[in-house]
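1. could you look at this predicted model? Sequence included:
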Amino acid sequence: MTTVNIKGVANPVYAKIDAIVIDEISMVRADLLDCVDNFLRMNGRTKGVPFGGIQMIFIGDLYQLPPVVRGKQEQEIFNKHYESAYFFDSHALRGVEFEYVELEKVYRQTDESFIRLLNSIRNKSITDEEIELINERYVEDSKALSGDAIYLTTTNAMAGERNEMELSKLKGKPYLFEADIRGDFEETSFPADEALRIKNGAQVMLLNNDPDGRWVNGTIGTICDIKRDLLLVRFAGGDVEEVYPFTWVQTIRSPGLRAVSDILYPMG
């Protein structure tokens with residue numbers, strides 16, 4: 001089970017928190033959320049009340065990844081103390097009223113028929129006709145796929161091999177951009193590959209949300225020019241945008257407040 005050490009953590013910063021946002025809430029285990037609640041009851045701005053009186057904002061999709069319970073022993077403990085491992089069965093949320101907001105706008109897809117098809121799969125309401133429609137896209141021989149086909153792989157290593165294979169097919173000079181890593185930024189926390197090798201014409205996926213709204217994390221484009229300090233990327237609608245190196249900052253609060261950063265083009 002998840003535990004939290006509350007000794008020596010008294011810090012006035014916790015009493016100044018107005019709101020906490022937890023993303024990917026579907027993956028948060030009930031016992032972990034109880035730990036968060038217990039900690040904030042002791043250290044939050046209002047002692048003894050749920051989450052220390054701090055506004056909690058949970059974001060996620062319960063149709064996506066579930067919380068992980070490892071092994072038979074953990075499962076037996078959960079069965080004894082919780083209805084399920086999901087966050088909504090935590091003791092902290094018993095009797096707590098929430099305001100629900102459903103996000104309905106799809107940003108990563110524009111084809112309405114394809115969106116409906118994806119929702120049918122998501123909702124487990126897919127029909128035989130829709131399955132046939134999907135199977136029309138099945139290609140037995142991968143060599144028959146078009147050059148801009150998207151491959152789904154199960155590991156980063158497989159994706160890297162495929163990317164290198166497709167990149168080698170492009171003519172022209174390859175360019176290598178290496179990340180400027182400052183501080184003790186753990187490799188497992190890298191938001192992008194430590195080195196980016198690209199050519200003109202390479203298909204790329206953007207890995208950040210642009211502050212100006214020109215793209216979101218997951219937007220796909222094509223490199224159309226490589227300059228000294230920026231890349232030009234053409235997106236599906238035909239727009240060409242300038243992409244500059246992006247700085248990811250990771251704040252580490254223990255043993256002392258410090259920040260480490262990773263600077264690289266936000267794409268892979």
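-> That came through fine. Residues are numbered from 1 along each chain as shown.

2. you'd agree G60 is up against D23?
-> Yes: shown here, G60 and D23 form a contact pair, counting by C-beta atoms under 8 Å, at 6.6 Å. Quick note: C-beta positions are derived from backbone N, CA and C, even for glycine.

3. who has more neighbours out of the two?
-> Of the pair G60 and D23, G60 is the one with more neighbours under other C-beta atoms under 10 Å, namely 15 against 11.

4. now do the strands in this protein.
-> For the chain, the strands defined by DSSP state E occupy 19-22, 55-58, 175-178, 180-182, 195-198, 203-205, 220-226, 231-235, 240-243, 246-252, 258-264.

5. where are the low-confidence patches of the stretch 1-150 of the chain?
-> Along the stretch 1-150 of the chain, the parts satisfying pLDDT under 70 run over 1-11, 142-144, 146-148.

6. helices of that one, start to end?
-> Secondary structure of the stretch 1-150 of the chain (DSSP state H, counting those that start in this stretch): helices at 30-43, 71-81, 112-122, 128-135.

7. switch those over to a markdown table; also include mean neighbour count and distance to V233.
-> Output for those, formatted as a markdown table (neighbours: other C-beta atoms under 10 Å; distance: least, C-beta to C-beta, whole Å):
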| stretch | mean neighbour count | distance to V233 |
| --- | --- | --- |
| helix 30-43 | 20 | 38 |
| helix 71-81 | 12 | 45 |
| helix 112-122 | 13 | 23 |
| helix 128-135 | 10 | 30 |
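
8. out of the ones you listed, which is closest to E194?
-> helix 30-43 (30.1 Å; C-beta to C-beta).

9. return the list of helices and strands in contact with the closest one.
-> Applying 3 or more C-beta pairs under 8 Å, 6 or more residues apart in numbering; DSSP states H and E, one finds that helix 30-43 contacts helix 71-81.

10. can you list contacts of the helix it packs on?
-> With contact meaning C-beta atoms under 8 Å, 6 or more residues apart in numbering, helix 71-81 is reached by 1, 30-31, 69, 84-85.

11. and for stretch 107-126?
-> 63, 106, 127, 130, 133-134, 216, 218-219.

12. which single one of the residues you listed is nearest to E161?
-> Using C-beta to C-beta, the contacts of stretch 107-126 come closest to E161 at G218, 21.2 Å.

13. R234 bridge partners, please.
-> Counting by DSSP bridges, R234 is bridged to T222, V240.

14. and it, what does it touch?
-> Listed by C-beta under 8 Å, 6+ apart, the contact set of R234 reads 221-222, 224, 240.

15. would JSON lines of the helices of the stretch 1-150 of the chain with distance to D229 be doable?
-> Formatted as JSON lines, the helices of the stretch 1-150 of the chain follow (distance: least, C-beta to C-beta, whole Å):
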{"stretch": "helix 30-43", "distance to D229": "42"}
{"stretch": "helix 71-81", "distance to D229": "50"}
{"stretch": "helix 112-122", "distance to D229": "37"}
{"stretch": "helix 128-135", "distance to D229": "43"}
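
16. number of nearby residues for the closest residue in space to V28 that isn't next to it in sequence?
-> For V28, ignoring the flanking residues on the chain, the nearest one in space by C-beta to C-beta, 6 or more residues apart in numbering is F87 at 4.6 Å. Other residues near F87 number 24, with proximity taken as other C-beta under 10 Å.

17. could you tell me the end-to-end distance of stretch 181-188?
-> End-to-end distance for stretch 181-188: 13 Å, by C-alpha to C-alpha, to the nearest Å.

18. roughly how far out does it sit from the chain middle?
-> Distance of stretch 181-188 from the chain centroid (C-alpha atoms, centre = their mean, to the nearest Å) equals 19 Å.

19. ok so, going back, now tabulate the strands of the chain in CSV and tack on distance to E74.
-> CSV is the format used below for those (distance: least, C-beta to C-beta, whole Å):
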stretch, distance to E74
strand 19-22, 21
strand 55-58, 23
strand 175-178, 41
strand 180-182, 36
strand 195-198, 38
strand 203-205, 35
strand 220-226, 39
strand 231-235, 45
strand 240-243, 44
strand 246-252, 28
strand 258-264, 32
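
20. so which of the contacts of R234 wins on neighbours?
-> Of all the contacts of R234, G221 has the most neighbours under the rule other C-beta under 10 Å, reaching 23 neighbours.
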